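>>> fold the stuff below for me.
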Amino acid sequence: MSASRSIKTAHSPISDRVNMVSPSGIRKFFDLITTMEGVISLGVGEPDFVTPWHIREAAIYSIEKGYTMYTSNFGLIELRQELAKHLESHYGVSYDPTKELLITTGSSQALDLALRAILNPGDEVIMPDPSYVAYPACTILAGGTPVTIPTFETSDFHIGIRDIESRLTPRTKAVLLGYPANPTGAIMPREELTRIGNLARDRDVTVISDEIYRELVYGVEPVCFPALPHMKDNTILVGGFSKSYAMTGWRVGYVAARHELIEAITKIHQYAMMCAPTAGQMAAVEALKNGAADTASMLQEYDQRRRVILKGLRDIGFTCFEPRGAFYVFPSIRKSGMSSDEFAEKLLMEEKVAVVPGSAFGKYGEGHVRCCYATSLPEIEEALRRIHKFMHRHGKV
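Residues are numbered from 1 along each chain as shown. Take a look at the predicted model:
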């Protein structure tokens, strides 16, 4: 009896994969600021705009009409048709809405499903560092191994073809790209992406392209990876409505890929989630049909904020890469003499400004912090004043 008890208590009830994953450094600071008053948050990457009224109205109307049942596992056919039109008209890539598109519960679920659908235990996924916190975590939870490529401000946070080529092994299953990038705001030129795609195709490696920020770019033309020559069949495209239409809480995303891959991804989706929320899908239909002006208006406002926060951080004395996409700046805080965690914690406690430590995004994010400028211009300007005061207090201005 005692031996039996000792055997039971010797094993952790938590899986090894879960134990390998650290809690999100973003959520840590989000949880902290909810307990404090007067905090200016440059932390969580969420638009400060309310979802446009006509999009909300479409969801309200759908509920009033009683559209409250499950949809197809693939999502509403009307939404898939509108999405297919959007991708073809805006980016020149054609998908069959009946078998090459899947509507998911946000782009995070889309990424998780894609990795679980293609990875066998021990398969490797090449990705940049720093990068979005979910990339290594979702890879590990799917049984894979993240293989990171250090990126630096001196090279515009790009990953090069030689970086990828040197890390290819017989276990390499995918290259995971996220441009425009979180946390850096970096973009990748079309020519560089084409070279990466050609290498991946030649080596029979899938490219997962996370393009949640694709429509939020400044002064450049957005690139849709599967629209590059001969890339569609070798690409899993992940996207969503959260950022470009201010629909974070609606939880509507999508995966676009060739039929064989969508079938595999849907197999997991149908057991895990059934379908994305019906009202959210109806709202997304309206966003695609009539939301272009809203996106353009928000983009213009983000661009103004981008220029203000970039100049403000540089005026304080930080080295700061100019972001060309998304809504983040990623200044180096090395001149402070603090680690990114120490800097973020002290700034929050002393000046009530929340930023995210660069270390949350990977080893090579250390020495930076992520500041999200999806907040009002007056709050950004006040945050900059507080950061300047913080640096002056610590003798770094």
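
>>> in this structure, which helix or strand is least confident?
Sorting the helices and strands of the chain by mean pLDDT, DSSP states H and E puts helix 2-9 at the bottom, at a mean of 47.

>>> after it, next one along is what?
Where DSSP states H and E defines the elements, the next helix or strand beyond helix 2-9 is helix 16-20.

>>> what is the longest helix seen in the chain packed up against?
Assignment by DSSP state H gives helix 292-316 as the longest helix of the chain. Helix 292-316 makes packing contacts with strand 328-329, helix 377-393 when contacts are defined by 3 or more CB pairs under 8 Å, 6 or more residues apart in numbering; DSSP states H and E. Every residue, glycine included, has its C-beta placed from N, CA and C.

>>> which of those sits closest to Ile236?
Closest of these to Ile236 is strand 328-329, at 23.9 Å (criterion: CB to CB).

>>> neighbouring strands - and their directions - for that closest one?
Strands that pair with strand 328-329, judged by DSSP bridges, come out as strand 369-372 (antiparallel).

>>> isn't there a helix covering Ala264?
Yes. The assignment for Ala264 by DSSP: H, G, I helix; E, B strand; the rest coil puts it in a helix.

>>> the closest residue to it other than its chain neighbours: how many residues sit nearby?
Nearest residue to Ala264 in three dimensions, chain neighbours excluded: Ala117, at 4.3 Å (CB to CB, 6 or more residues apart in numbering). Here the number of neighbours of Ala117 (other CB atoms under 10 Å) works out to 20.

>>> hmm, Ala117 is touching Ile268, no?
Yes. With contact defined as CB atoms under 8 Å, Ala117 and Ile268 form a contacting pair (6.0 Å).

>>> would you mark the buried spots in the longest helix of the chain?
294-295, 298, 301-303, 305-306, 309-310, 312-313, 316 (16 or more other CB atoms under 10 Å).

>>> got the residues you listed as CSV, with distance to Glu37 and pLDDT columns?
Output for the buried residues of helix 292-316, formatted as CSV (distance: CB to CB, whole Å; pLDDT from 0 to 100):
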residue, distance to Glu37, pLDDT
Asp294, 32, 98
Thr295, 33, 97
Met298, 28, 98
Glu301, 26, 98
Tyr302, 27, 98
Asp303, 31, 98
Arg305, 24, 98
Arg306, 28, 98
Ile309, 23, 98
Leu310, 29, 98
Gly312, 24, 98
Leu313, 25, 98
Ile316, 25, 96
